[in-house]
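In: Requesting a structural model of the entry that follows:
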Amino acid sequence: QLMGERDIARKEGQTRRDLGREEFLARAWAWTEKHGGRIQEQMKAMGFSLDWKRERFTMDDGLSRAVRECFVRLYEEGLIYRARRLINWCTRCQTALSDLEVDNRDESGFIWHIQYPVADGTGTLTVATTRPETMLGDTAVAVHPDDPRYQHLIGRRVALPLTERTIPIVADRELVSMEFGTGAVKVTPGHDFNDFETGLRHGLEQLSILDSHGKLVAPAPDKYAGMTVIEARDAVLADLTQVGLVAKKEDHTVPMARCGRCDTVIEPLLSVQWFVKIKPLAEPAILAVEEGKTKFVPESWTKTYMHWMRNIKDWCISRQLWWGHRIPAWTCQACGEVTVA
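Out: Below is the predicted model of the structure:
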């Protein structure tokens, strides 16, 4: 789809939405028939010893039927489900992505120390963050329960700067490191995966302040509406500086997630998507290694595999792409009920 979209943009200056679904899919099939064999030609030139008579294309009728059959079986077994959760979202491709389609790398950035006034007027609590713009969606500040600096504040509230909201101060030993930053961190369940899990542990509200194009929307204050992430970051920092709440700015290496297709920065967004329940599938795969039925060469990879399998998250399988298999879920136009069949 990406290659087809680039081709249309370059030659006609249009997007797939300009063309409409039916016309775009016709173009995608034409592009596939013209260019789709290049990988096979390269493999043959390299001498891959495959049985080319048995070659199949992912979108062949037989494989399409198999995909639908597999999806429905997993759904009926409770291993596929639909839920509103935090997912990787590419604002350029306009689709959800699995973790495997995201390139994670460290990039140069900054960390800001921002003061949140304690709601009863008894002082401030300074948090460290690499994403000040998302503070507009904060629903808590977290500290470590054993940190003597903040134990007296646990259970109290802070006034969230630039908004009219107050949010609680919670104790969380999984999210907070006493040694990192100020030992106090903002919690934004709608825009950070670790914060999302923290929010579930503490029953925090999940607020989403970005739309699918990465522009700010309510419940962010109206003055920031329509801004991009970078525009909002600059505006938020300017407003915080004006009221004297930016304590410090430091150079910092920031872990950045980018789309594996187009290199756009990924935004964690709350969205209703389809997921595969991974834990029941991972357990027999772990057991196979523990019992010696499956072995790794070299043996050192066993530890990597086990860490991955034991910490694996449910897999987001929805894509908002037009080219590919469509999920066999049907919505009743009268009552809204979803039927998978």
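In: Could you export stretch 157-168 as CSV, CA atoms only?
Out: C-alpha atoms of stretch 157-168 as CSV (Å, rounded to 0.1, in the frame of the first residue of the first chain):
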residue,chain,number,x,y,z
ARG,A,157,-3.7,16.6,45.1
VAL,A,158,-1.9,19.0,42.8
ALA,A,159,-3.3,21.7,40.6
LEU,A,160,-2.5,20.7,37.0
PRO,A,161,-0.8,23.8,35.4
LEU,A,162,-2.5,25.5,32.4
THR,A,163,-5.8,23.7,33.2
GLU,A,164,-8.6,24.0,35.7
ARG,A,165,-8.2,20.4,37.0
THR,A,166,-6.6,18.9,40.1
ILE,A,167,-5.1,15.4,40.1
PRO,A,168,-4.1,13.0,42.8
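In: Now that stretch: buried residues?
Out: Buried positions in stretch 157-168, judged by neighbour count with 16 or more other CB atoms under 10 Å: 157-162, 165, 167-168. Every residue, glycine included, has its C-beta placed from N, CA and C.
In: Show me the contact partners of stretch 60-75.
Out: 56-57, 80-81, 276, 325, 327-328, 340-341 (CB atoms under 8 Å, 6 or more residues apart in numbering).
In: Same list, the buried residues of stretch 157-168, but as a markdown table with distance to Tyr224 and secondary structure please.
Out: Output for the buried residues of stretch 157-168, formatted as a markdown table (distance: CB to CB, whole Å; DSSP: H, G, I helix; E, B strand; the rest coil):
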| residue | distance to Tyr224 | secondary structure |
| --- | --- | --- |
| Arg157 | 23 | strand |
| Val158 | 20 | strand |
| Ala159 | 18 | strand |
| Leu160 | 14 | coil |
| Pro161 | 13 | coil |
| Leu162 | 8 | coil |
| Arg165 | 14 | coil |
| Ile167 | 18 | strand |
| Pro168 | 23 | strand |
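In: now that we have the contacts of stretch 60-75, which one has the most neighbours?
Out: In terms of neighbour count, Ile80 stands highest of the contacts of stretch 60-75 at 22 neighbours, by other CB atoms under 10 Å.
In: just to revisit the earlier point, which one of the buried residues of stretch 157-168 is nearest Ala247?
Out: Comparing the buried residues of stretch 157-168 against Ala247 with CB to CB picks out Pro161 as the nearest, at 12.0 Å.
In: Give the closest residue to the closest one in space, chain neighbours not counted.
Out: Leaving aside its sequence neighbours, Pro161 sits nearest to Leu245 (CB to CB, 6 or more residues apart in numbering; 5.3 Å).
In: what's the burial count for the one you found?
Out: A total of 18 residues lie near Leu245 under the criterion other CB under 10 Å.
In: likewise Ala83?
Out: Ala83 has 11 neighbours, counted by other CB under 10 Å.
In: about what we covered before: out of the buried residues of stretch 157-168, the closest to Gly4 would be?
Out: For the buried residues of stretch 157-168, the nearest to Gly4 is Leu162 (42.6 Å; CB to CB).
In: Test for you: state the pLDDT assigned to that closest one.
Out: pLDDT recorded at Leu162 is 96.
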